[in-house]
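In: need coordinates for the below:
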Amino acid sequence: MKKLITLTRLKTNFLKNWGYWLSFLLPLLIFLTYFLTKGFDFLTVDLGQQYIDFLAHFKRYLFSDPGKLIYSFSNGLGGSMIATVAYYLTSPFNLLLIFSPNLPIAVLVVISLKIATAGLSSFYYWRHKFNLSQIATLAAAASYSLCGFAVANYLNLMWLDSVILLPILLKQLDNLLTKKSDKLILITFLAWFTNFYTGYMILLFGCLYFIKELCLSSNTAKIELIKKYLWKSILGSFLASFILWPTFLELLAGKASTGAKWSLNFQFPLSQELSKLLPGAYNYSEMEAGMPNIFISSSLFLLAIAYFLNKNILWKKRLADGLLSLIMILSLSFTPLVLVWHMGQFPIWYPGRFSFILSFLLIDLALTCLKNSISLLNKFVLVGLAAGLEAYWLCIHNSFSFINEQTLILAGLFLALSLLYICFIHQNIRFDTSFLAISVLIEISANLILSLNNITYQNNRDYENFSNNMVQISSQLPKNSFFRVEKNFYRSDNDPFTANYYGISIFNSVSDQKTLTLLSQLGYLHNSNSVTNNGGSPISDAILGIKYYIEPNYAHDQIKANQQMRFDNLNNRVDLINYPVEKEYPQLLLLKNNFALPLIFLDNNDFKKVHFISDNPLYNQQLLLQKMIGTSADFIDYSYLPKPKTQNALAVNTSSLEFQKSPKVNNAKIIFELTIKDYNDYYLQLPMGISPKNANLIINGRSINLDIRDDQSRLINIINHKKGEKVSIVFEMLNNELNLNELKLWKIDTNKLAKSLIKFNQKQPSFKQTSAFTLKANFKTTTEKTLASTVPYSKNWLIFDNGKLISSKLIFNAFLGGKLDKGQHQLLLVYLPINLIIGLFLSLISLLLIKLHKD
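Out: Next up, the predicted model:
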């Protein structure tokens with residue numbers, strides 16, 4: 001009997017609250033169904049090349065070694081992970097990753113659940129705010145959860161928590177204004193904690209919303225409400241100090257250290273933003289440098305406009321909402337407001353990262369209008385505006401690559417359905433809300449399909465094959481030893497996180513600028529927030545302590561097609577043949593570099609800064625190595641290129657390597673042919689400006705990848721230990737002009753280099769990594785020594801010698817060092833995240849204040 005009563009209650013509750021279930025399930029099903037048709041391949045751009053690697057690191061170490069979520073040597077050359085975790089990994093949804101053996105599918109589930117939860121949270125908010133049917137509220141919730149921002153930025157999954165929290169935040173503000181119980185402290189904390197970046201955006205909007213509602217409120221105790229709002233917002237913010245304080249300081253030292261130029265101009269004409277109301281207004285160009293995504297269904301957009309025309313709504317309220325809407329619209333393009341919303345930095349890719357707030361606001365206004373009747377005059381006005389909007393789209397369709405005949409026809413049909421609803425169905429027939437909901441669901445589904453069809457996706461299997469094969473190697477490397485590993489290929493710049501090794505490459509919005517600068521001066525391809533493993537030589541391998549190299553094993557051709565690794569981004573390092581094979585794996589070879597410096601070593605040098613020469617990477621590598629090992633020996637020498645031959649190209653003058661394509665020809669080449677006269681290692685130094693846009697490079701019939709990040713000189717290994725070998729270097733001109741004046745040919749005396757390194761390494765102590773935060777060594781010195789390293793410098797590194805703290809120094813422009821007296825040494829290096837500790841202390845004080853001042 002009790003079971004029957006319980007089942008009856010459950011059935012009653014379900015029937016009463018079916019809208020809550022559907023607000024979650026409908027967005028979930030729409031989103032997942034799309035990727036079902038793609039075989040669940042959803043990885044693209046940064047999600048597949050950056051975030052998936054961070055998530056793999058999070059999953060591996062959250063419970064097994066959480067210290068590596070605070071500091072990790074997989075983070076470039078090594079660095080704090082606090083800001084990285086704060087930006088990418090603090091969503092509670094990420095805990096679900098722990099329970100799935102298949103990371104890509106688990107990430108897709110997390111994204112789907114976030115989008116679904118955004119539907120649920122917005123339904124909850126509007127259900128309590130408006131006395132509307134569940135069907136109408138469901139239509140609004142679905143439109144919000146799959147708005148243009150959510151569809152375009154599903155791959156930026158760390159921002160989606162703020163999409164969920166925005167309605168809940170506004171609900172708490174409404175409760176505060178009406179003196180009901182609120183959870184503003186908790187929601188403020190969650191906004192900062194789940195993603196401080198978009199959390200800041202919703203809290204900023206919450207402040208604007210609070211001011212607007214306070215101005216409209218008839219409550220006479222406004223000062224008291226302001227005090228409560230400020231007190232709770234400040235407490236909630238300080239409660240998140242353990243994540244905000246260290247993150248803030250890391251941002252100051254990294255990305256935020258580059259200032260943006262403030263000016264009173266617009267990023268683009270605001271009228272062009274109307275194009276983003278079209279279904280499918282999204283592609284790679286828009287992703288990189290387009291306009292903010294504000295798509296909502298056309299019926300809700302027209303109802304939002306009707307809100308301002310409706311005289312049944314108080315003019316003061318319409319004026320206040322109009323001002324708030326104007327601020328949000330101007331923020332899409334007006335430079336000062338763009339910078340305010342984005343924490344003083346212009347977004348690199350993914351413009352208008354707060355645009356979901358405008359979508360939410362427009363839907364909120366539409367629902368307010370939906371409660372009221374619409375006059376005949378206003379219906380005529382809306383018809384005229386809709387016709388004008390369609391006409392505008394027709395006029396600009398050649399200006400945007402995402403506009404085509406299909407999108408224009410669909411947009412026209414959806415506008416017609418919207419006008420049919422507003423003019424004839426709204427409040428006139430029994431099933432008006434059902435018509436609205438169905439039309440909205442069809443339109444948002446069409447937008448999702450058209451938008452996501454405009455981009456391509458990586459194969460999940462490629463990631464899994466890479467991860468499985470690389471982890472097989474990294475799991476068998478010596479434990480506790482302290483060294484770096486690299487490859488002559490890459491899947492992403494964040495491969496060390498997925499494959500669980502210490503490398504040099506990194507792609508991170510929160511990066512150590514000193515390290516990036518140094519690596520770029522050594523010739524590694526880079527931009528403002530990433531550096532690749534492409535650009536090295538035996539000299540830089542030694543400098544950075546790259547003890548092992550991994551390269552493809554092409555000998556095994558019996559691997560099943562669906563298990564084969566892809567090697568799309570190969571570095572031209574033919575000299576890796578000098579490193580003996582340590583172990584052979586089915587698809588990979590592990591090579592050992594016996595000449596790599598330890599990551600921490602002793603020398604006799606002082607702490608003078610190294611003065612590098614711009615655009616001379618191999619010289620800079622030699623200079624740094626000479627400083628490190630205390631030698632004046634030269635390991636490189638300049639080698640003269642022969643006079644080039646040309647096909648359909650002319651030199652500007654006889655003493656120049658600047659060429660022009662002959663008139664009326666397509667195929668023009670510059671050819672250098674040389675014979676190697678010794679057993680050295682040869683590197684071609686390409687000048688700045690050489691890229692796939694203006695040239696192809698073929699060396700001995702092999703095409704060389706010329707992709708670049710920021711423009712820089714770069715090194716190409718052309719031949720190794722091949723005396724008497726002929727080398728053909730061919731530049732194919734893709735433009736009318738090609739400047740090779742700064743083209744250089746270098747040779748490295750690898751035998752001389754090896755002897756110097758072997759001699760230096762014989763005197764070095766062995767350091768062991770005993771935890772994520774500690775490194776240890778025991779050794780004896782007969783004279784004073786400099787403790788040097790390629791560990792990135794940080795004030796958080798403490799050096800203890802025989803239990804006594806010694807002073808740490810910045811050496812070699814980016815690295816950690818110190819001075820040691822002669823004698824026996826028990827050396828302990830400890831990474832102490834002092835700013836995290838300070839933040840925890842502030843959070844505990846805030847928690848205590850909350851307990852002492854409960855409402």
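In: my understanding was that residue 452 contacts residue 33; is that so?
Out: No. Using CB atoms under 8 Å, residue 452 is not in contact with residue 33, being 11.7 Å away. In short, each C-beta sits where N, CA and C put it, glycine included.
In: quick check on those two: which one has the bigger neighbour count.
Out: Set residue 452 next to residue 33 and count neighbours by other CB atoms under 10 Å: residue 452 wins out with 22 against 12.
In: which residue, other than its chain neighbours, is closest to that one?
Out: Excluding its sequence neighbours, the residue lying closest to residue 452 (CB to CB, 6 or more residues apart in numbering) is residue 34, at 6.3 Å.
In: just checking, next helix/strand downstream of the helix or strand encompassing that neighbour?
Out: Using DSSP states H and E, residue 34 sits within helix 18-36. Per DSSP H and E, the first helix or strand lying C-terminal to helix 18-36 is helix 45-46.
In: if we look at that following helix, which residues are touching it?
Out: By CB atoms under 8 Å, 6 or more residues apart in numbering, the residues outside helix 45-46 that reach it are 155, 156, 287, 349, 455.
In: my guess is residue 582 contacts residue 592. True?
Out: Yes. With contact defined as CB under 8 Å, residue 582 reaches residue 592; the gap is 4.2 Å.
In: before we move on, the earlier item: ok, the residue nearest to residue 452 - contacts?
Out: Here residue 34 is in contact with 448, 449, 452 (CB under 8 Å, 6+ apart).
In: buried ones in the helix holding residue 34?
Out: For helix 18-36, the neighbour count (16 or more other CB atoms under 10 Å) marks 19-20, 22-24, 26-28, 30-32, 34-35 as buried.
In: one more: stretch 753-771?
Out: Across stretch 753-771, burial judged by 16+ other CB under 10 Å covers 753, 754, 756, 757, 760, 761, 765, 767, 769.
In: now the closest residue in space to the last one that isn't next to it in sequence. Its backbone dihedrals?
Out: It stands for residue 769. Spatial nearest neighbour of residue 769, chain neighbours left out: residue 482 (5.0 Å); criterion: CB to CB, 6+ apart. Note on residue 482: backbone dihedrals following degrees, to the nearest 10 are phi -120, psi 100.
In: can you give me the neighbour number for residue 482?
Out: 21.
In: surely it and residue 596 touch.
Out: No. Counting by CB under 8 Å, residue 482 stays clear of residue 596, with 11.2 Å between them.
In: C-alpha coordinates for the helix or strand harbouring residue 696, CSV please?
Out: Secondary-structure element containing residue 696, defined by DSSP H and E: strand 695-699. Written as CSV, here are the backbone C-alpha positions of strand 695-699 (Å, rounded to 0.1, in the frame of the first residue of the first chain):
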residue,chain,number,x,y,z
ALA,A,695,56.1,29.7,-50.9
ASN,A,696,56.4,25.9,-50.9
LEU,A,697,59.7,24.4,-49.8
ILE,A,698,60.9,21.0,-51.1
ILE,A,699,64.1,19.4,-49.9
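In: what residues of it count as buried?
Out: Going by 16+ other CB under 10 Å, strand 695-699 has these buried residues: 695, 697, 699.
In: show me what contacts the second one?
Out: Pointing back at residue 697 there. Counting by CB under 8 Å, 6+ apart, residue 697 has contacts 686, 690, 703, 704, 706, 716, 729, 730, 731, 732.
In: how about the nearest residue to it, chain neighbours excluded?
Out: residue 704 (4.3 Å).
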